[in-house]
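Enquirer: Need coordinates for the following:
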Amino acid sequence: MKQPLIHASLAPVSDDVNIHFEDQGSEDPALVFLHYYGGSSRTWRHVTAQLVPRFRTIAIDHRGWGKSDAPEAGYGLADLAGDAEAVIASLGLRNYVLIGHSMGGKVAQLMASRRPVGLAGLILIAPAPPTPLIMPAPARQMMAEAYSSRANVEAAIDNMLTAKTLSPQDRAQVIEDSLAGAPAARAAWPGATSLEDIASQVGDINVPTLVISGALDRVDPPVRLQVELLPRIPQAVMQILPGTGHLSMLESPGAVASLIGAFCEGLKLQAENGRSERI
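Expert: Numbers count the residues shown, from 1 in each chain. The predicted structure follows:
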């Protein structure tokens with residue numbers, strides 16, 4: 001089958017910051033993807049390839065990562081959320097599902113808590129919980145240095161990020177994306193942004209929410225999400241992927257795409273039933 005054309009674009013979100021995103025497909029709802037600390041829009045490529053043409057997919061590079069601009073400051077949750085909101089506004093999306101992984105999952109929680117017009121659903125994949133990430137100082141320093149060299153990225157892949165062996169191409173991509181992060185972006189998450197507390201805000205999320213967790217995730221394990229995330233989001237339900245670590249979209253892309261597709265088809269059905277009842 002012929003692959004759909006991927007449109008790469010830049011959205012100006014402020015006077016000096018442009019955000020890169022990749023847009024493919026045309027069917028509603030649109031799926032807006034936010035990547036993890038160390039990733040990029042191409043982190044999602046195996047998943048989006050399976051979801052198009054049933055859905056439109058928009059994968060965003062956070063500022064300081066991928067092909068987006070890298071300002072010297074402005075890497076808080078509100079900044080990252082504002083960037084994604086600007087992309088959504090620039091595209092005029094009126095019916096979309098927000099999908100965030102890890103750091104991107106915490107950004108997505110903040111965005112959804114604001115109850116934006118057009119948001120139909122929320123999917124959180126191995127999300128950072130809304131509570132501050134508490135860890136010993138040596139572990140936080142290790143996280144801050146995880147992407148400072150190829151050897152450190154390799155160690156992070158093998159010891160923290162994955163439970164399955166990545167293909168050589170995917171492993172090379174993770175290494176390249178991690179090393180390409182701007183210094184300010186690499187420092188912000190472990191040093192400040194992961195410590196932000198939005199626990200009091202996520203209770204305002206009012207859309208169906210699917211949480212996908214890898215059973216062998218060592219970064220944000222299922223038990224942490226069951227305690228710190230699920231009770232705080234009113235409509236949240238969780239699916240656990242066996243034998244999968246933190247990078248589920250690279251380790252188990254077929255399973256992730258299937259769960260996303262089923263969730264979104266369910267939203268379509270609910271919307272159609274709602275329209276029928278009003279006629």
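Enquirer: Any regions of the stretch 1-150 of the chain where pLDDT drops low?
Expert: Applying pLDDT under 70 to the stretch 1-150 of the chain picks out residues 1-11, 13-15.
Enquirer: Please repeat the previous calculation with a cut-off of 90.
Expert: Within the stretch 1-150 of the chain, the ranges that satisfy pLDDT under 90 run 1-16, 26-28, 53, 134-143.
Enquirer: And the strands in it?
Expert: Using DSSP state E, counting those that start in this stretch, the strands of the stretch 1-150 of the chain run over 7-12, 18-24, 30-34, 56-60, 96-101, 119-125.
Enquirer: And the stretch 151-279 of the chain, by the same measure?
Expert: Along the stretch 151-279 of the chain, the segments classed as strands by DSSP E, counting those that start in this stretch run 209-214, 236-241.
Enquirer: okay if I get the strands of the stretch 1-150 of the chain as CSV plus mean neighbour count?
Expert: In this view, the C-beta of every residue, glycine as well, is placed from N, C-alpha and C. Putting these into CSV (neighbours: other C-beta atoms under 10 Å) gives the following:
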stretch, mean neighbour count
strand 7-12, 14
strand 18-24, 21
strand 30-34, 27
strand 56-60, 27
strand 96-101, 27
strand 119-125, 25
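Enquirer: TSV for the ones you listed, including distance to Leu269?
Expert: As requested, these are exported to TSV (distance: least, C-beta to C-beta, whole Å):
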stretch	distance to Leu269
strand 7-12	29
strand 18-24	24
strand 30-34	17
strand 56-60	18
strand 96-101	14
strand 119-125	12
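Enquirer: burial measure for the closest residue to Glu72 other than its chain neighbours, as a count.
Expert: Excluding its sequence neighbours, the residue lying closest to Glu72 (C-beta to C-beta, 6 or more residues apart in numbering) is Ala184, at 5.7 Å. Residues within reach of Ala184, counting by other C-beta atoms under 10 Å, total 15.
Enquirer: From Asp69, how far off is Ala184?
Expert: Computed as C-beta to C-beta, to the nearest Å, the Ala184 to Asp69 distance reads 11 Å.
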